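Engineer: Return atomic coordinates for the entry below.
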Amino acid sequence: METFSIAQTTRERIPKLPFLALKELTLGKKFYCSLAFVGDKRARTLNRIYRNKDYTPNTLSFTLDDMNGEVFINLKEAKKQSRKREESFEYFVALLFVHSCLHLKGMEHSDIMDETMERILKRAGIKNTYTGKANS
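Structural biologist: Residues are numbered from 1 along each chain as shown. Okay, the predicted model is just below:
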C-alpha cells in the first residue's frame with residue numbers, strides 16, 4: 001500500500017528533495033501523507049476556510065486521523081521567506097515539510113520541535129547551502 005503522494009498545482013519549481021525519506025523519518029513508514037504544492041491563492045483560501053486566518057501561509061498541515069494527514073506547501077511564499085531567513089530554498093522547503101509532518105504527529109511549536117526538525121534534516125543529509133545569491 002502506498003503511503004505517500006505528491007501533487008503539483010503550481011508552476012513553481014519543486015526542489016529535488018527526498019520527500020519520501022523525510023516523511024518516513026518524521027512519521028514512519030505506515031503513516032499516509034499527501035503533499036501538495038500550491039500557489040498563494042489556494043494557500044490563502046485553505047487558511048481562511050479551515051483556520052479562520054486571513055494571510056498567505058508558507059505551509060499548512062491537516063491531520064485526518066491517527067495515521068493520515070495532508071501537507072500543503074506554498075513554494076512562492078517559501079522562496080520569499082527563505083531569502084529573508086538566509087536559508088537556501090531547498091533547505092527551507094525541506095524544513096517546512098518536516099515541520100508540517102511534526103504537526104501531523106501532534107507536536108506544537110517549541111524548542112523540542114526545532115531540535116527534532118534539525119535532527120531529521122541532518123539524518124537526511126540536508127544542509128543549508130545559502131550563499132547570499134538569488135535562490136533558484
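
Engineer: Strands of the protein, residue ranges please.
Structural biologist: According to DSSP state E, the chain carries its strands in the segments 4-8, 32-38, 59-65, 68-74.

Engineer: could you dump those to JSON lines with mean pLDDT?
Structural biologist: What follows is those, written out as JSON lines (pLDDT from 0 to 100):
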{"stretch": "strand 4-8", "mean pLDDT": "97"}
{"stretch": "strand 32-38", "mean pLDDT": "98"}
{"stretch": "strand 59-65", "mean pLDDT": "97"}
{"stretch": "strand 68-74", "mean pLDDT": "98"}
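
Engineer: how about these in TSV, adding distance to Y50 and mean neighbour count?
Structural biologist: C-beta: built from backbone N, CA, C; applies to glycine. Supplementary listing: the strands of the chain in TSV, determined by distance: least, Cβ to Cβ, whole Å; neighbours: other Cβ atoms under 10 Å:
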stretch	distance to Y50	mean neighbour count
strand 4-8	17	14
strand 32-38	13	21
strand 59-65	7	16
strand 68-74	10	22
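
Engineer: Same list, those, but as TSV with distance to R83 please.
Structural biologist: TSV is the format used below for the strands of the chain (distance: least, Cβ to Cβ, whole Å):
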stretch	distance to R83
strand 4-8	22
strand 32-38	18
strand 59-65	17
strand 68-74	15
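
Engineer: Alpha carbons of stretch 55-74, as PDB, please.
Structural biologist: What follows is the C-alpha trace of stretch 55-74 in PDB, where atoms were taken according to Å, rounded to 0.1, in the frame of the first residue of the first chain:
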ATOM      1  CA  TYR A  55      -3.000  35.600   5.400                       C
ATOM      2  CA  THR A  56      -0.900  33.700   2.900                       C
ATOM      3  CA  PRO A  57       0.900  30.900   4.700                       C
ATOM      4  CA  ASN A  58       4.100  29.100   3.600                       C
ATOM      5  CA  THR A  59       2.700  25.700   4.700                       C
ATOM      6  CA  LEU A  60      -0.400  24.100   6.100                       C
ATOM      7  CA  SER A  61      -1.000  20.700   7.600                       C
ATOM      8  CA  PHE A  62      -4.200  18.900   8.300                       C
ATOM      9  CA  THR A  63      -4.500  15.700  10.400                       C
ATOM     10  CA  LEU A  64      -7.200  13.500   9.000                       C
ATOM     11  CA  ASP A  65      -6.900  10.800  11.700                       C
ATOM     12  CA  ASP A  66      -4.100   9.000  13.700                       C
ATOM     13  CA  MET A  67      -2.500   7.600  10.600                       C
ATOM     14  CA  ASN A  68      -3.400  10.100   7.800                       C
ATOM     15  CA  GLY A  69      -2.700  13.700   7.000                       C
ATOM     16  CA  GLU A  70      -2.200  16.300   4.300                       C
ATOM     17  CA  VAL A  71       0.500  18.900   3.900                       C
ATOM     18  CA  PHE A  72       0.300  21.900   1.600                       C
ATOM     19  CA  ILE A  73       3.400  24.000   0.800                       C
ATOM     20  CA  ASN A  74       3.300  27.300  -1.000                       C
END
